[in-house]
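**Q** Here's a sequence, model it:
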Amino acid sequence: MKTVGLFLAEGHRLIHCIRPDATVREALELMADKNIGALLVMDGQQLAGIFSERDYARKVVLQGRSSSAALVQDIMTAQVITVQAAQNIDQCMQIMTEKHVRHLPILEGQRVIGLISIGDVVREMMAHQKTIIEQLHSYIAG
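**A** Numbers count the residues shown, from 1 in each chain. As a prediction, this is how the structure comes out:
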């Protein structure tokens, strides 16, 4: 199974992030503009948290807060679950399933090098299964 480092090397390197002191509205506008469900919250080069649609729904909408007044640092998930570049796609799926998360920042040591989503993981797993099926078909057909 492919590692997340190899996944990134194949061109999946775009990282969208926001500052902790940005407003939730700014974060939502960026997410809408990029058509994504989460942003890494970066304090300089340091990963401070992750802000997702789930954070917005649970910590802003349900609590009656204003997205123009609330800051990302007050809403974000600060305890971020991450993976290392050497981990494989299968491990990402297991972590995402067990921890109920849809996005995993990818680290090389302590440095953020990418972000993988549940959609990315499912696509990679489907491609891997297709390859295995094709190999088995070739083997059987001789």
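
**Q** bridging residues for the residue minimising distance to the centre of the chain?
**A** Of all residues in the chain, the one closest to the mean position by CA atoms, centre = their mean is H103, 2.7 Å from it. When bridges are called by DSSP bridges, H103 pairs up with S117.

**Q** Provide a list of residues in contact with it.
**A** In this structure, H103 makes contact with 37-38, 50, 52, 115-118, judged by CB atoms under 8 Å, 6 or more residues apart in numbering. Quick note: C-beta positions are derived from backbone N, CA and C, even for glycine.

**Q** secondary structure element for I95?
**A** Here I95 sits within helix 89-99, counting by DSSP states H and E.

**Q** where does the closest residue to L47 other than its chain neighbours sit relative to A57, distance-wise?
**A** Leaving aside its sequence neighbours, L47 sits nearest to V112 (CB to CB, 6 or more residues apart in numbering; 5.2 Å). The span separating V112 from A57 equals 25 Å under the rule CB to CB, to the nearest Å.

**Q** Same drill for those two, tell me which one is more crowded.
**A** V112 (18 against 10; other CB atoms under 10 Å).

**Q** Right, I'll leave it there.
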